[in-house]
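Q: Sequence first, predicted coordinates after that:
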Amino acid sequence: MKKTCICFAALFFAGTVSAQTVKFCKPCEALKNLQLPDVTILVAEAKAFDTIKNPNEPWMTTVIINKPFCRVVGRISREINFELLLPDESNGRFLMSGGGGFVGSIQNSFRDMVNQGFANAGTDAGHEGGSDAKWAYNNMERQLNFGRLAIHRTAVVSKLIMQNYYCSAPAKSYFVGCSRGGGQAMMEAQYYPEDFDGIVAGAPAFDWPAVAAKGIQGSKNNYPDPNNLQPVITNDNLQLLQREVLKQCDQLDGSTDSIIDDPRKCKFDFSKLPVCPDGMAGSQCFTKQQLAAIMAVYEPLIVEGKTIHPGFPFGGEAEPNSWDVWITGTSPYMPNTPSLHYMFATNIFKYLVFNDSAWDYSKYNFKNFAAQTAYAASYLNATSTDYSVFKKFNGKIIFYHGWNDPALSAFSTIEHYEGILKGDKDAQSYARLFLLPGVLHCGDGRGCDNVDWVNLIIDWVEKSKAPDQVVASKTVQGKTITKTILPYPKQ
């Protein structure tokens, strides 16, 4: 018997999109039998509510969904696994989440947005296991899925499932991601400009060989002996360093709050750092080796006269989850573990650049860097500053970056955005960049790190309300503080 369905064009394409209880083209469970090319639906289950705690995403809080929805889990081709949540009370929008690091599990930061009527999806980027990149070893399919294809294919399939379930494609589609997710966001805007109407790219990893090279530069200084991965820089160094940085630069913005609003104004004088006597080390001074390792973090990586990657801004060195985790590997919560810079950089070169598990970072001299990394760059990078096709589709993109991000330098995102402005004088009509003072990687730090990026991009796309400013907030000991951030290059 043919099932009668109502037309959703009026609901999905109305000027004001609001959540409503809808009738469906087919019941949720019937999606298990949906025939789509190169797609297998593994799970299709109707749920009245759910409490989700994903063990593969320990940083995520428990997600409570208190409105009925349809959960679909599927596989695209051989290894791109995805999850799609379809609310009974739909607002007509599709919202997709980016992943972090090497991904390797289905990651979706917006599962609870079902409560607000958003259909939302996440993917594992085409492989399982994300603590290292061994999954990529001599496997071109996984490399391409991770670098360029998984997000696009998941977006296309998710919209097709929505069309079969709701009788209509989504009215508007959005992608929001940070770190690897920020790079995925840029890949979508540059290579698949029809996929999403609005995109948010936070602290983006968009030039992988360059990021890895900068990580190797730091690791060669901080871990000079590959057989004994004991860091040169200590937590005492970080405390002493941050105190001196704040002493010299905190008041440049007119307030003493342990936050440097614009680290570019900090002209730090390294000669004021206390140097230990030769042959000695201490908690209140720096050895020459420690100073060299620290200065390498702030300095750009220059290879054969070309800047491969900028240095890192001053500020936030001793904050928890800052240099101790990403740069020095001295976090008390990650004992006997090398820094995340070391982990990501060595894995990228081993398994995504050279396909050589025995590759030794300590012997690498960056000679012929561009030629050696060309293949990896071809599928990993989203470095083009030409967003003209995305602009033609009326797409909107917001970039943001924490000024004190220890994982990915804010200077890289600034350089990319300046390239967009240089190539298109009208770029701010579709692209904006916000720099968050005192904020670390995708959040944390002393600065205001909470911004409602989803509603900002929706307002820009659907109401033509450009983000001329954003209000960032942070709650400390029950007190909420806010800071108004203007789009770059305004201050």
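A: Sure thing, it's come through. Only a predicted model underlies this, so the values are computations on that prediction, with no experimental measurement involved.
Q: buried sites along the helix or strand containing Tyr417?
A: Using DSSP states H and E, Tyr417 sits within helix 410-423. Neighbour counts over helix 410-423 (16 or more other CB atoms under 10 Å) mark 410-414, 416-417, 420-421 as buried. No exception for glycine: its C-beta is placed from N, CA and C like everyone else's.
Q: I'd like to know which elements that helix is packed against.
A: Applying 3 or more CB pairs under 8 Å, 6 or more residues apart in numbering; DSSP states H and E, one finds that helix 410-423 makes contact with strand 396-402, strand 431-436.
Q: Now the next helix or strand after the shortest one: buried residues?
A: Remark: after strand 431-436, the chain's next helix or strand is helix 453-463, criterion DSSP H and E. Buried residues in helix 453-463, counting neighbours by 16+ other CB under 10 Å, are found at 453-454, 456-462.
Q: domain assignment for this protein?
A: 9-207+382-485, 210-377 (automatic domain parsing).
Q: Comparing these by mean pLDDT, which bottoms out?
A: Among the domains of the chain, domain 9-207+382-485 has the lowest mean pLDDT, at a mean of 93.
Q: and the longest helix for this structure?
A: helix 150-166 (DSSP state H).
Q: Could you say which of the helices and strands packed on helix 410-423 is packed most deeply?
A: Of the helices and strands packed on helix 410-423, the one with the most neighbours on average (mean count of other CB atoms under 10 Å) is strand 396-402, at a mean of 27.
Q: report the angle between the axes of that one and helix 410-423?
A: Per axes from the mean of the first three to the mean of the last three CA atoms, to 10 degrees, the angle that strand 396-402 makes with helix 410-423 is 150 degrees.
Q: Put the alpha carbons of strand 396-402 into PDB.
A: The C-alpha trace of strand 396-402 is given here as PDB (Å, rounded to 0.1, in the frame of the first residue of the first chain):
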ATOM      1  CA  LYS A 396      28.800  32.000   4.500                       C
ATOM      2  CA  ILE A 397      31.800  31.000   6.600                       C
ATOM      3  CA  ILE A 398      33.000  32.100  10.000                       C
ATOM      4  CA  PHE A 399      36.600  31.400  11.100                       C
ATOM      5  CA  TYR A 400      37.600  31.600  14.800                       C
ATOM      6  CA  HIS A 401      40.800  30.900  16.700                       C
ATOM      7  CA  GLY A 402      42.000  31.300  20.300                       C
END
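Q: re earlier: so the helix holding Tyr417 versus strand 431-436, what angle?
A: 150 degrees.
Q: rewinding a little: got the helices and strands packed on helix 410-423 as a markdown table, with distance to Gln289 columns?
A: Shown next, in a markdown table, are the helices and strands packed on helix 410-423 (distance: least, CB to CB, whole Å):
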| stretch | distance to Gln289 |
| --- | --- |
| strand 396-402 | 29 |
| strand 431-436 | 32 |
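Q: hmm, back to that, can you list the buried residues of helix 410-423 in JSON lines and add distance to Asn164?
A: Below are the buried residues of helix 410-423 laid out as JSON lines (distance: CB to CB, whole Å):
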{"residue": "Ala410", "distance to Asn164": "42"}
{"residue": "Phe411", "distance to Asn164": "45"}
{"residue": "Ser412", "distance to Asn164": "41"}
{"residue": "Thr413", "distance to Asn164": "38"}
{"residue": "Ile414", "distance to Asn164": "43"}
{"residue": "His416", "distance to Asn164": "38"}
{"residue": "Tyr417", "distance to Asn164": "39"}
{"residue": "Ile420", "distance to Asn164": "37"}
{"residue": "Leu421", "distance to Asn164": "42"}
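Q: quick one: which of those residues is nearest to Leu84?
A: Thr413 (29.9 Å; CB to CB).
Q: Leaving out chain neighbours, which residue sits closest to that closest one?
A: Nearest residue to Thr413 in three dimensions, chain neighbours excluded: His401, at 4.5 Å (CB to CB, 6 or more residues apart in numbering).
Q: Would you confirm that that neighbour contacts His441?
A: No - His401 is beyond contact range of His441, at 9.3 Å (criterion: CB atoms under 8 Å).
Q: got the contact list for the helix or strand just after the longest helix of the chain?
A: Using DSSP H and E, the next helix or strand after helix 150-166 towards the C-terminus is strand 172-178. Residues outside strand 172-178 that contact it (CB atoms under 8 Å, 6 or more residues apart in numbering) are 17, 92-100, 109-110, 151, 155, 159, 183-185, 188, 195-204, 442, 453-454, 457-458, 461-462.
Q: Please apply the same query to stretch 135-151.
A: Residues contacting stretch 135-151 (CB under 8 Å, 6+ apart): 76-80, 96, 98, 102-104, 123-129, 175, 184, 187-188, 191, 195, 351-352, 355, 357, 376, 379-380.
Q: which among these end up buried?
A: 76, 79-80, 96, 98, 102-104, 123-127, 175, 184, 187-188, 191, 195, 351-352, 355, 376, 379-380.
Q: how about the strands in the stretch 251-400 of the chain?
A: 301-303, 306-309, 396-402 (DSSP state E, counting those that start in this stretch).
Q: Buried ones in the second one, by neighbour count?
A: Of the residues in strand 306-309, those buried under the neighbour-count criterion (16+ other CB under 10 Å) are 308-309.
Q: and that strand, what does it pack onto?
A: Judged by 3+ CB pairs under 8 Å, 6+ apart, the packing partners of strand 306-309 are helix 208-222, strand 301-303.
Q: Now mean neighbour count and distance to Ala281 too, for these, in JSON lines please.
A: Shown next, in JSON lines, are the helices and strands packed on strand 306-309 (neighbours: other CB atoms under 10 Å; distance: least, CB to CB, whole Å):
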{"stretch": "helix 208-222", "mean neighbour count": "24", "distance to Ala281": "15"}
{"stretch": "strand 301-303", "mean neighbour count": "16", "distance to Ala281": "27"}
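Q: Switch these over to TSV; also include distance to Pro87.
A: Shown next, in TSV, are these (distance: least, CB to CB, whole Å):
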stretch	distance to Pro87
helix 208-222	35
strand 301-303	46
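Q: Please report how far Leu340 lies from Ile151.
A: For Leu340, the distance to Ile151 (CB to CB, to the nearest Å) stands at 23 Å.
Q: Neighbour count: these two, which is higher?
A: Ile151 (35 against 19; other CB atoms under 10 Å).
Q: Run the chain-centre distance for stretch 168-188.
A: 11 Å (CA atoms, centre = their mean, to the nearest Å).
Q: Oh, that last question was meant for stretch 44-54, not what I typed.
A: 26 Å.
Q: for stretch 128-143, same thing?
A: With CA atoms, centre = their mean, you get 19 Å for stretch 128-143.
Q: Alpha carbons of it, as PDB, please.
A: Output in PDB follows, covering the C-alpha atoms of stretch 128-143 (Å, rounded to 0.1, in the frame of the first residue of the first chain):
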ATOM      1  CA  GLU A 128      38.600   3.100  13.300                       C
ATOM      2  CA  GLY A 129      41.300   4.100  15.800                       C
ATOM      3  CA  GLY A 130      42.500   7.600  16.100                       C
ATOM      4  CA  SER A 131      45.200   7.600  18.800                       C
ATOM      5  CA  ASP A 132      47.800   7.300  16.000                       C
ATOM      6  CA  ALA A 133      47.800   7.200  12.200                       C
ATOM      7  CA  LYS A 134      48.800   3.600  11.700                       C
ATOM      8  CA  TRP A 135      45.400   3.000  10.000                       C
ATOM      9  CA  ALA A 136      46.700   5.100   7.100                       C
ATOM     10  CA  TYR A 137      49.800   3.000   6.400                       C
ATOM     11  CA  ASN A 138      49.900   2.200   2.600                       C
ATOM     12  CA  ASN A 139      46.200   2.600   2.400                       C
ATOM     13  CA  MET A 140      45.200   5.200  -0.200                       C
ATOM     14  CA  GLU A 141      41.500   4.700   0.300                       C
ATOM     15  CA  ARG A 142      41.600   5.500   4.000                       C
ATOM     16  CA  GLN A 143      43.900   8.500   3.400                       C
END
